[in-house]
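Asks: 3D model of this:
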Amino acid sequence: MKAAHTLTALLVALSMTGCGADSEILTEGDYLFFERIGIGQAGALTDTAEWVLRDSTSWAEAQEQLQPLAAFEPVDFSQEVVIVVAIPTESGGYHIELESVEEMEDHVLVSYLFHEPALDCITLSALALPFQAVSVKRFEGKPVRFERRTQKYECTWKQ
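Replies: Below is the predicted model:
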């Protein structure tokens with residue numbers, strides 16, 4: 001019984017050490033849940049687009065410039081915003097993967113990965129527009145910063 005009281009006292013003491021007003025938070029921001037609402041490889045854009053669309057009118061205008069593989073999912077703009085990343089390329093084989101949306105103290109950070117085929121890949125020699133559109137919980141009053149990482153992938157199987 002004495003061992004149980006000692007163990008309980010030790011656990012209480014350990015749990016209190018990280019709960020003070022001066023304890024440091026390890027995460028920089030809050031990650032926001034996002035849901036893919038459309039992807040594609042074609043459209044009418046000639047420049048990279050990193051958009052945050054806050055209303056149905058701007059979303060309708062953006063959709064006119066994108067050709068999704070399937071119909072875009074519906075969006076409730078009273079609760080959500082749409083984030084679109086599109087990068088024109090001179091051949092096929094590229095794709096975009098949104099990795100995270102993080103609400104920081106003074107801005108929102110959108111991180112995405114641009115997958116690029118390596119030299120061993122056989123790709124379509126035609127203009128392409130890989131893009132991804134996602135919906136995310138509405139956020140207001142903060143500027144948005146996009147951060148791109150590029151990663152090559154190989155197509156040859158190696159043992």
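Asks: hey, let's count contacts and neighbours off CA atoms from now on
Replies: Fine.
Asks: what ranges do the strands span in this structure?
Replies: Using DSSP state E, the strands of the chain run over residues 30-31, 34-43, 49-53, 66-68, 80-86, 95-103, 108-117, 131-137, 144-153.
Asks: wait, which of those is closest to residue 59?
Replies: Residue 59 sits nearest to strand 49-53 of all the strands of the chain, at 6.0 Å, using C-alpha to C-alpha.
Asks: what comes into contact with the closest one?
Replies: 59, 81, 82, 83, 84, 85, 86, 87, 144, 146 (C-alpha atoms under 8 Å, 6 or more residues apart in numbering).
Asks: among the residues you listed, which two are most distant?
Replies: Every pair of the contacts of strand 49-53 checked by C-alpha to C-alpha; the farthest is 81 and 87, at 20.1 Å.
Asks: what about residue 53, how many residues nearby?
Replies: Using other C-alpha atoms under 10 Å, residue 53 has 19 other residues around it.
Asks: how near is it to residue 47?
Replies: Residue 53 sits 17 Å away from residue 47 when distances are taken as C-alpha to C-alpha, to the nearest Å.
Asks: do residue 89 as well
Replies: Residue 89 is 10 Å from residue 47, by C-alpha to C-alpha.
Asks: neighbours around residue 116, how many?
Replies: What residue 116 shows, counting by other C-alpha under 10 Å, is a neighbour count of 18.
Asks: that should have said residue 140, apologies.
Replies: Residue 140: 9 neighbours (other C-alpha under 10 Å).
Asks: same check, this time on the one 3 residues further on
Replies: Here the count is done by other C-alpha under 10 Å, and residue 143 has 11 residues near it.
Asks: residue ranges in the protein under the pLDDT threshold?
Replies: 1-27, 158-159 (pLDDT under 70).
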